[in-house]
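[1] okay, predicted coordinates and the sequence, questions at the end:
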Amino acid sequence: MGDVAVERTTEQLVHQYFSLGFEHKEILNYLKILHNRCISLRTLKRILAKLHLYRRKHFSNIEDVVRFMEGEIEKGSQLHGYRWFHLKCLQNDLVVSQSIVRELLCYLDPHGMELRKRKRLRRRQYSNKGPNYLWHMDSYDKLKPYGICINGCIDGFSRQIIWLQAGPSSSDSKVIGGYYMNALKMIKGCPKTLRSDFGTENTLVERMQKALHQTFNEATSERPPFLYGSSTHNQRIEAWWSILRKHNAQFWINLFEMLRDDNLYDGTFLDKSLVQFCFMQLVQRDLDEVVLEWSVHKIRPSRNSNSPSGRPCIMFEMPSLYQTRSYLIEVPSFALDALSLDCLFQEYPCDEEFYQLCGILMAENDLRAENDPYSAIDLYMNLRRILKEIFV
């Protein structure tokens, strides 16, 4: 019975990694390195056949693929390239070739295909020794005029996203400290060096990073635990913001600009709070999807870069495959718990009293929070009308 349980768990892991778009060799590496499960390629193929998981046969109905792609384009994936879109199809259990996705995308979204034809710029070369050697953190302010502040952090070696959070503030050092602390609790340690732009919102993270190094970093280091620099020198996260805008943020920018142009948003406390109440969770859901898709997609080799190529999650979690190691400084949980007392972990997407008021108004007027942006617009407009009748 024990063997059966292990086999079933292995099958679940195989299904999970196959659905993420991993190749056979990558699945075997994950099973061996992260789960201590050594199986042969032949056994893996047998499990895949048993689960009816295939890449090159038993293709999904083309109508199902078209329906899925149309829905994703409408939701905000207008600027996804065909490789990224193919990965989204695999993650949603659609068996389709990359060439078919490319042809469908040309037909379904010709305007988006045209927008993606950009010329590449030559940039200075970047080098990084391994995972957790250098993290880059920054805030993304394109949605800030509408009350949604995004803060993120990326590992410089693997380009794995450490955190990507939407909240009502990106200027409160305790909020940014909460993002940092949640990440450290997940990986049970801190990076060798953390880099950020100048700004008072990063001061708490700076103090915690330095304190952890002073206490738990036994090795001498040629790099300081925390670095400030201009945005031009924080290139890893700055470059990733353009990817976020292309794959998700531009949709939300367009949506909120539409509200503003239709005189449904004027930047007041009321309107900002309503945007936070109605849209924050949807924005965070989209950010989580972008992070997952980015983590398992393949970064192609570049002639003008010293950085490794491959999937960010594999480069981050299995550095030995790239002849390097993790530079994580292990930190015990009691130390992280103690530092967490200085952080702010937000429970609400907006002001707490405003959140409670909107909940009451929704119950009284039979309004529901939906899971798509356009239904959220209806909720926003209804609550805005009701609140203006009450307070204006």
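    That came through fine. Small disclaimer: the values here were computed from a predicted structure and weren't measured.
[2] okay, strands next: where are they in the chain?
    Taking DSSP state E as the criterion, the chain carries its strands at 135-140, 149-155, 161-167, 189-190, 194-196, 226-228, 329-330.
[3] list the contacts for the residue nearest to Lys185 when sequence neighbours are not counted?
    Nearest non-adjacent residue to Lys185, counting by C-beta to C-beta, 6 or more residues apart in numbering: Leu336, 5.4 Å away. For every residue, glycine as well, the C-beta is placed using N, CA and C. By C-beta atoms under 8 Å, 6 or more residues apart in numbering, Leu336 lies in contact with Met181, Leu184, Lys185.
[4] save the strands of the chain as a markdown table, and put in mean neighbour count too.
    A markdown table is the format used below for those (neighbours: other C-beta atoms under 10 Å):
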| stretch | mean neighbour count |
| --- | --- |
| strand 135-140 | 24 |
| strand 149-155 | 24 |
| strand 161-167 | 22 |
| strand 189-190 | 24 |
| strand 194-196 | 25 |
| strand 226-228 | 16 |
| strand 329-330 | 16 |
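[5] turn these into JSON lines, columns for mean pLDDT and distance to Ile377.
    Listed next are those as JSON lines, based on pLDDT from 0 to 100; distance: least, C-beta to C-beta, whole Å:
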{"stretch": "strand 135-140", "mean pLDDT": "96", "distance to Ile377": "22"}
{"stretch": "strand 149-155", "mean pLDDT": "97", "distance to Ile377": "20"}
{"stretch": "strand 161-167", "mean pLDDT": "98", "distance to Ile377": "18"}
{"stretch": "strand 189-190", "mean pLDDT": "97", "distance to Ile377": "41"}
{"stretch": "strand 194-196", "mean pLDDT": "94", "distance to Ile377": "35"}
{"stretch": "strand 226-228", "mean pLDDT": "92", "distance to Ile377": "40"}
{"stretch": "strand 329-330", "mean pLDDT": "96", "distance to Ile377": "46"}
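[6] among the ones you listed, which is nearest Lys88?
    The minimum distance between Lys88 and those falls on strand 161-167, with 16.7 Å, by C-beta to C-beta.
[7] before we move on, the earlier item: tell me the one of the contacts of Leu336 nearest Ile162?
    Among the contacts of Leu336, Leu184 lies closest to Ile162 (C-beta to C-beta), at 9.4 Å.
[8] burial measure for that closest one, as a count.
    The number of residues packed near Leu184 is 24, by other C-beta atoms under 10 Å.
[9] pretty sure it contacts Glu330?
    No: with contact defined as C-beta atoms under 8 Å, Leu184 does not count as touching Glu330 (10.4 Å).
[10] excluding residues flanking it in the chain, which one is nearest Gln276?
    Cys350 (3.7 Å).
[11] make that Gly178, sorry
    Nearest non-adjacent residue to Gly178, counting by C-beta to C-beta, 6+ apart: Cys343, 4.1 Å away.
[12] residues in contact with the one you found?
    Residues in contact with Cys343 (C-beta under 8 Å, 6+ apart) are Lys174, Val175, Gly177, Gly178, Tyr180, Met181, Leu204.
[13] show me what contacts the residue nearest to Lys144 when sequence neighbours are not counted?
    Spatial nearest neighbour of Lys144, excluding adjacent residues (C-beta to C-beta, 6+ apart): Ser170 at 7.0 Å. Ser170 sits next to Ser139, Asp141, Lys144, Cys149, Ile150, Asn151, Ile176, Glu201 when contact means C-beta under 8 Å, 6+ apart.
[14] can you check Ile39 too?
    Contacts for Ile39 (C-beta under 8 Å, 6+ apart) come out as Thr10, Leu28, Leu31, Ile47.
[15] what's the answer for Ser158, then?
    Counting by C-beta under 8 Å, 6+ apart, Ser158 touches Pro131, Pro308, Pro312, Cys313, Met315, Phe316, Pro319.
[16] pretty sure the fourth one is touching His297, no?
    Just to be clear, that refers to Cys313. No: in terms of C-beta under 8 Å, Cys313 does not count as a neighbour of His297; the distance is 9.5 Å.
[17] Asp155 pairs with what?
    Trp135 (DSSP bridges).
[18] can you report how many residues lie near Gln91?
    Gln91 has 15 neighbouring residues, counting by other C-beta under 10 Å.
[19] that older thread, where is pLDDT lowest across the contacts of Ser158?
    Within the contacts of Ser158, Pro308 has the lowest pLDDT, namely 89.
[20] for it, which non-adjacent residue is closest in space?
    Spatial nearest neighbour of Pro308, chain neighbours left out: Tyr322 (5.1 Å); criterion: C-beta to C-beta, 6+ apart.
[21] residues in contact with that neighbour?
    Residues near Tyr322 by C-beta under 8 Å, 6+ apart: Gly130, Pro308, Gly310, Met315.
[22] what do you get for Lys192?
    Residues counted as contacts of Lys192 (C-beta under 8 Å, 6+ apart) are Asn132, Tyr133, Leu134, Asn217, Ser221, Arg223, Pro225, Tyr327, Leu328, Ile329.
[23] now Tyr17
    Listed by C-beta under 8 Å, 6+ apart, the contact set of Tyr17 reads Glu26, Ile27, Tyr30, Leu31.
[24] from these, which land in helices?
    Secondary structure defined by DSSP state H assigns Glu26, Ile27, Tyr30, Leu31 of the contacts of Tyr17 to helices.
[25] switch the residues you listed over to TSV; also include pLDDT, neighbour count and distance to Phe157.
    Below are these laid out as TSV (pLDDT from 0 to 100; neighbours: other C-beta atoms under 10 Å; distance: C-beta to C-beta, whole Å):
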residue	pLDDT	neighbour count	distance to Phe157
Glu26	92	21	18
Ile27	91	21	22
Tyr30	92	21	19
Leu31	92	19	23
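[26] thanks again, I'm all set now.
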